[in-house]
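Undergrad: My questions are about this predicted structure, shown below with the sequence.
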Amino acid sequence: QVQLVESGGGLVQPGDSLTLSCKAPRCVSDFNDMAWHRQTPGNLRELVASISRGGVREYAVSAEGRFTISRDDSKNTVSLKMDSLKSEDTGVHYCYADEVVDDGEGRDYWGRGTQVTVSS
């Protein structure tokens, strides 16, 4: 079982910056993809940003130009730097990872989430 641990959430004001971190038990490049998702009450989790093993980054339209996803293989972490935060960025942010194990089975993993609240 892979345990992902998020940190860095908090209460900030509109326009502020915040960086979330996700700690994995091993090298993050071992996984096919790692990503951050956001969930608000009553809604499904939605992708915010992802980074593939090859380093390809993808962002939700709402995150493009404001957020940056990165990884540090030496620290087994994936980070999400969020600038110019808006109230609509509020939600629980979850770290996600997926991989294909030796028998060809695909597996995905989720952290427990960290709350981000953007409010004046």
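TA: Now that the structure is in, tell me what you want to look at.
Undergrad: In what element of secondary structure is the residue nearest to A63 when sequence neighbours are not counted found?
TA: The shortest distance from A63 to any non-neighbouring residue, by C-beta to C-beta, 6 or more residues apart in numbering, is to V48 (5.2 Å). The C-beta positions use only the backbone N, C-alpha and C, and glycine is treated the same way. Taking DSSP states H and E as the definition, V48 sits inside strand 46-52.
Undergrad: what residues are up against the residue nearest to A63?
TA: A35, W36, H37, R38, Y59, A60, S62, A63, F67, L80, H93 (C-beta atoms under 8 Å, 6 or more residues apart in numbering).
Undergrad: correct me, but the second one touches L80?
TA: Yes - using C-beta atoms under 8 Å, W36 makes contact with L80 at a distance of 4.7 Å.
Undergrad: Please say which of the two ends up with more neighbours.
TA: Comparing W36 with L80 by other C-beta atoms under 10 Å, the one with more neighbours is W36, at 28 against 25.
Undergrad: Kindly confirm my reading that R38 is in a strand.
TA: Yes - R38: assigned to a strand according to DSSP: H, G, I helix; E, B strand; the rest coil.
Undergrad: What score does the residue nearest the centre of the chain have for pLDDT?
TA: Taking C-alpha atoms, centre = their mean, the centroid of the chain lies closest to W36, which sits 2.2 Å from it. With respect to pLDDT, W36 scores 98.
Undergrad: before we move on, what about P41?
TA: Reported pLDDT for P41: 89.
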